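Chemist: Here is my input; please provide its structure:
(2 chains)
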Amino acid sequence: MYYTKKDSEDKREVFLPCKLTSSNRSDFIKIIDRFIESDKKVLILNFNDTEYIDSAGLGFMLIAYQEVLNNDKKLFLKNIKGNVLKSFDIMNFGNIFDIIDNQ
Amino acid sequence: MLSSKKYFEKYSDILLSKILIIEDDRMQRLFLKAIFEKMGFCHIQEAVNGEEGWEKTLDLDPDLVILDVNMPVMDGIEYCKKARAHKDYNDMTILVQTGISDYKEKAKVFDAGATDYVIKPVDPNEISARSMIHLRNSHNLKELSEFNERVKIEMASAKSLIEDSLPKENTIKKLKKEYNIDLAASFESSNELGGDFWGCYPISDSQVAIYTIDISGHGLDSALNALRIHSLLLASERILSPGDFLVWLNNKLEGLFPVGLYSTMFFGIIDVNKDTLTYATSATPSPIIFRKNKETHEEISGKGYPLGVLKNATFATEEIPFAAGDTLILYSDAITEALDKKGNIFGINNFVEIIKKGRSKTGKTFSSKKLLGCVLQSFHAECGNKLADDLTLNIYHRSK
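Modeler: Numbers count the residues shown, from 1 in each chain, chains lettered A, B, ... in the order given. Below you'll find the model as predicted:
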């Protein structure tokens, strides 16, 4: 799974790929694990480039949420738009996650 | 490579491999046999040329063949080609020992199907090391292949369990006869086993409960959890409202699902006396309604918390008219998220269009089965037959 990340102070921002599907599971888990192991306190998942997310991909967000919660860190979801935003809306994710800078 | 206790312990499985040495020179054969015996191998056979080697291959099913190139009767190249042409030996490890140093001749050896080669005079350490690497790799591949076969069998079994749990023809006939609900349903499993499920059951003389379920992701996990929900549904008491039912189900599932897994669900009750559809949704694709004698359609919001994620999540019960002549379409996201021939997401708009075309084809006497057939035919014409996810499509038509 191609992605980029940007670290600053206590934050890590991960720019997710165009598609987030079940085939990206192991890579996504690694991203979360690496963040948990790091000294960063805040993880921002940036969906600016993400055009499609399947049910498994939505499940990854729940995994991220649980892991971050268990380790007293924070998670934000950023720049969600288009079909991804529709999927998030149907799932009431706005009531579960901290979502910022929506387009 | 010297033998040692740790070596034997580590490679005990590999050392049970069957070795076949095909070499016309007797001294060379004995030399090679001694190398493999010293490594700890005990199943070693010899052949003096390619032809004898082939007969012994059919008999022994070797894991590793040490093959000379220049031999009478049948040389190594011919043996190689023969082995690779046979369905049982096209991935057998063939280690060629050759005195040829010319690169074109080496290429011939590989073209014939050799896995690897060593140059004569053979160095015992080199042939030992190369043999072990190839045997370990083929051992790992064989274990993986056997594991894959077991998984396939288990997946097929789980798929069968799910399909057996879906409503049978007599339930559909009962709906038609006793409730004047014309139901047509299709369930197509994807290659990757999914967690789709649907059902319907009478709950009173005038009411029928209907539902569709989709567990996130694919595979055995999703399928087994779909069956888990099915068991809960069978064991459930009759809940008065769909919203209360989803609350109950969510509380049962929360903590049971592994993190990251969730279910989406539509649960509704058709009341043929009151002409209503009462329902609650949990993050489901928007159900579609066509009213009697109307071309336009309605999309019901499928918004709601996914099941099994949030403790004490609430689900609202909604009620809409659903009278004689109206048609309700429930479907899984395998339809709306499918890719068409151009690689674009099919989407709900295209889905509605093919439903409308199907409705126009059904004629004056509506048939859910006919509409289902038209819709599926059009869908597969656009998106092909290979499904990324299980496909569920239910058409409920109030015929009277």
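
Chemist: so who does the nearest residue to A:N24 once chain neighbours are set aside touch?
Modeler: Of all residues not flanking A:N24 in the chain, A:M1 sits nearest, at 4.3 Å (C-beta to C-beta, 6 or more residues apart in numbering or on different chains). Every C-beta, even on glycine, is put in place using the N, C-alpha and C of the backbone. For A:M1, the contact set (C-beta atoms under 8 Å, 6 or more residues apart in numbering or on different chains) comprises A:P17, A:N24, A:D27, A:F28.

Chemist: Name the SS class of the residue sitting nearest the centre point of chain A, please.
Modeler: Central residue of chain A (C-alpha atoms, centre = their mean): A:L45, 3.6 Å from the mean position. Here A:L45 is recorded as strand under DSSP: H, G, I helix; E, B strand; the rest coil.

Chemist: same deal with B:Q377?
Modeler: Here B:Q377 is helix, with the state taken from three-state DSSP.

Chemist: Can you read off the pLDDT for it?
Modeler: The model reports B:Q377 with a pLDDT of 95.

Chemist: what number of residues lie near it?
Modeler: B:Q377: 12 surrounding residues under other C-beta atoms under 10 Å in any protein chain shown.

Chemist: With the one 5 residues further on instead?
Modeler: If you count neighbours by other C-beta under 10 Å, B:E382 ends up with 18.

Chemist: OK, contacts around it?
Modeler: The contact partners of B:E382, taken as C-beta under 8 Å, 6+ apart, are B:D340, B:K341, B:F346, B:N350, B:I354.

Chemist: Spatially, which two of these are the most separated?
Modeler: Maximum pairwise distance in those, criterion C-beta to C-beta, is 14.2 Å, between B:K341 and B:I354.

Chemist: so the residue nearest to the centre of chain A sits right up against A:I80, yeah?
Modeler: No: between A:L45 and A:I80 there is no contact under C-beta atoms under 8 Å: 9.2 Å.

Chemist: So which residues on chain A come close to chain B?
Modeler: Contact residues, chain A versus chain B (C-beta under 8 Å from any C-beta of the partner chain): A:22, A:52, A:54-56, A:58-60, A:62-63, A:66-67, A:83, A:89-92, A:95-96.

Chemist: follow-up on the earlier one: more crowded one of B:K341 and B:I354?
Modeler: B:I354 (19 against 9).

Chemist: hey, where'd the strands end up in chain A?
Modeler: A:4-8, A:11-15, A:19-20, A:42-46, A:52-53, A:74-78, A:98-100 (DSSP state E).

Chemist: Show me the strands in the stretch 101-250 of chain B, by range?
Modeler: B:116-119, B:181-188, B:195-202, B:207-215 (DSSP state E, counting those that start in this stretch).

Chemist: mean confidence for the last one?
Modeler: Spelled out, it's strand B:207-215. Here strand B:207-215 scores 94 as its mean pLDDT.

Chemist: tell me the contacts of B:L60?
Modeler: B:L60 neighbours (C-beta under 8 Å, 6+ apart): B:K18, B:L20, B:Q45.

Chemist: Turn those into TSV, including neighbour count and distance to chain A.
Modeler: Shown next, in TSV, are the contacts of B:L60 (neighbours: other C-beta atoms under 10 Å in any protein chain shown; distance: C-beta to the nearest C-beta, whole Å):
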residue	neighbour count	distance to chain A
B:K18	15	36
B:L20	23	39
B:Q45	16	43
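
Chemist: So which of those residues sit within strands?
Modeler: Residues of the contacts of B:L60 located in strands (DSSP E): B:K18, B:L20, B:Q45.

Chemist: which residues of the chain fall in helices?
Modeler: All of this is about chain A. Residue ranges of the helices in chain A, as given by DSSP state H, are A:25-37, A:55-70, A:82-90.

Chemist: if you could check chain B rather than the one you did, that'd help
Modeler: Counting by DSSP H, the helices of chain B are B:5-10, B:26-39, B:50-60, B:76-85, B:103-112, B:124-165, B:169-179, B:220-235, B:242-253, B:333-336, B:347-362, B:368-383.

Chemist: averaging pLDDT over each of those, which comes out lowest?
Modeler: Note on these: helix B:5-10 shows the lowest mean pLDDT, a mean of 67.

Chemist: now the helices of chain B as TSV including distance to B:F267?
Modeler: As requested, these are exported to TSV (distance: least, C-beta to C-beta, whole Å):
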stretch	distance to B:F267
helix B:5-10	56
helix B:26-39	65
helix B:50-60	61
helix B:76-85	57
helix B:103-112	62
helix B:124-165	17
helix B:169-179	17
helix B:220-235	9
helix B:242-253	5
helix B:333-336	17
helix B:347-362	21
helix B:368-383	20
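
Chemist: Per-residue pLDDT of B:G194, please?
Modeler: Looking at B:G194, its pLDDT stands at 75.

Chemist: ok, the nearest residue to it once chain neighbours are set aside to chain A distance?
Modeler: Leaving out its chain neighbours, the residue that sits closest to B:G194 by C-beta to C-beta, 6+ apart is B:D390, at 3.5 Å. According to C-beta to the nearest C-beta, to the nearest Å, B:D390 and chain A sit 11 Å apart.

Chemist: which ones are touching B:D390?
Modeler: Here B:D390 is in contact with B:F187, B:E188, B:S189, B:S190, B:L193, B:G194, B:G195, B:D196, B:D214, B:S332, B:A334 (C-beta under 8 Å, 6+ apart).

Chemist: Which of those are buried, as a PyMOL select command?
Modeler: In PyMOL syntax, the buried subset of the contacts of B:D390 is picked out as below (16 or more other C-beta atoms under 10 Å in any protein chain shown):
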select buried, chain B and resi 187+188+189+190+193+194+195+196+214+332+334
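
Chemist: Hmm, A:G57 and B:G260 touching each other?
Modeler: No: the pair B:G260 / A:G57 is not scored as a contact, 10.1 Å apart, by C-beta under 8 Å.

Chemist: Buried residues, stretch B:289-299. List them.
Modeler: B:I289, B:F290.

Chemist: List the contacts of that stretch.
Modeler: Residues from elsewhere that reach stretch B:289-299 (C-beta under 8 Å, 6+ apart): B:277, B:286-288, B:300, B:320, B:322-329, B:348, B:352, B:355-356, B:359.

Chemist: which among the residues you listed end up buried?
Modeler: The neighbour-count criterion (16+ other C-beta under 10 Å) marks B:277, B:286-288, B:300, B:322, B:326-329, B:348, B:352, B:355, B:359 among those as buried.

Chemist: Let me have these in JSON lines, extended by distance to chain A.
Modeler: Below are the buried ones among the contacts of stretch B:289-299 laid out as JSON lines (distance: C-beta to the nearest C-beta, whole Å):
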{"residue": "B:L277", "distance to chain A": "19"}
{"residue": "B:S286", "distance to chain A": "8"}
{"residue": "B:P287", "distance to chain A": "12"}
{"residue": "B:I288", "distance to chain A": "15"}
{"residue": "B:I300", "distance to chain A": "12"}
{"residue": "B:F322", "distance to chain A": "22"}
{"residue": "B:D326", "distance to chain A": "24"}
{"residue": "B:T327", "distance to chain A": "23"}
{"residue": "B:L328", "distance to chain A": "19"}
{"residue": "B:I329", "distance to chain A": "17"}
{"residue": "B:I348", "distance to chain A": "10"}
{"residue": "B:V352", "distance to chain A": "16"}
{"residue": "B:I355", "distance to chain A": "20"}
{"residue": "B:R359", "distance to chain A": "26"}
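
Chemist: Looking at these, which one is closest to B:N125?
Modeler: B:I348 (66.1 Å).
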